[in-house]
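J.: Predicted model and sequence below, questions to follow.
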Amino acid sequence: MDHTATLPTVRFTGLDDQTLDRLWNEGVDDAGHPVSPFTDDGGTWPLRCCLRDSEVGERLAIVSASPFPWDGPYRETGPVVVHAEPCGRSDGSFPEQFEQRRQVVRAFGRDAGRVHTQVYDRHRVVEPGQGLRQAVAEALADPRVEFVQVHNVVSQCYSFTAVRV
């Protein structure tokens, strides 16, 4: 069955508000480590709070975070970079800078409506400039898919989440 005939409208987000508030207000990440800010001296860190690349001079932190909305065997925690203090967060638009990075699209849904699982046949690697936004929309056009997470291919760091609007 071709699920790409009608592509959905998509909202793109980074880490959820609860995770970001805990990082910024309590100073502890998902692994229990203290947040250790540093000043960016080179720029271009991909930020998972506001979904843009960092700029020289900004205060950042590398933290352990889980982007999963539920517990279970697929829930991962890994390193990501965020602003060290509250920022504007994501506005829901496609983060264009990831289009030029090698990414893997991972689709998640439910197995027969019961158990959270990966929709493996919707996973794919997208090379730089080869249509990341389109690949995400195609995965979300499949009714089995609840949300998509995008990760860096080499480091496997979480990049962003996409959901149907």
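T.: Good, I have the coordinates. Numbers count the residues shown, from 1 in each chain.
J.: Give me the distance between the two termini of stretch 31-47.
T.: From its first residue to its last, stretch 31-47 covers 19 Å (CA to CA, to the nearest Å).
J.: which sections of the chain are below the confidence cut-off?
T.: The model of the chain has pLDDT under 70 over residues 1-5, 113-114.
J.: so which helix or strand takes in the residue nearest to the spatial centre of it?
T.: Residue closest to the average C-alpha location in the chain (CA atoms, centre = their mean): F160, at 1.8 Å. In this structure, F160 sits in strand 158-164 according to DSSP states H and E.
J.: can you check Q134 too?
T.: Using DSSP H and E, Q134 falls in helix 132-140.
J.: What helices and strands are in contact with that helix?
T.: strand 10-13, strand 103-111, strand 124-126, strand 145-152, strand 158-164 (3 or more CB pairs under 8 Å, 6 or more residues apart in numbering; DSSP states H and E). The C-beta positions use only the backbone N, C-alpha and C, and glycine is treated the same way.
J.: Any idea how far the fourth one is from the middle of the chain?
T.: Just to be clear, that refers to strand 145-152. Centroid separation for strand 145-152 versus its chain: 7 Å, with CA atoms, centre = their mean, to the nearest Å.
J.: Convert the C-alpha atoms of it to PDB, please.
T.: The C-alpha coordinates for strand 145-152 follow below in PDB (Å, rounded to 0.1, in the frame of the first residue of the first chain):
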ATOM      1  CA  VAL A 145       3.300   5.800  12.500                       C
ATOM      2  CA  GLU A 146       2.600   8.000  15.500                       C
ATOM      3  CA  PHE A 147       5.800  10.100  15.300                       C
ATOM      4  CA  VAL A 148       9.200  10.100  13.700                       C
ATOM      5  CA  GLN A 149      12.600  10.700  15.300                       C
ATOM      6  CA  VAL A 150      15.600  11.800  13.300                       C
ATOM      7  CA  HIS A 151      19.100  11.000  14.400                       C
ATOM      8  CA  ASN A 152      22.600  11.600  13.200                       C
END
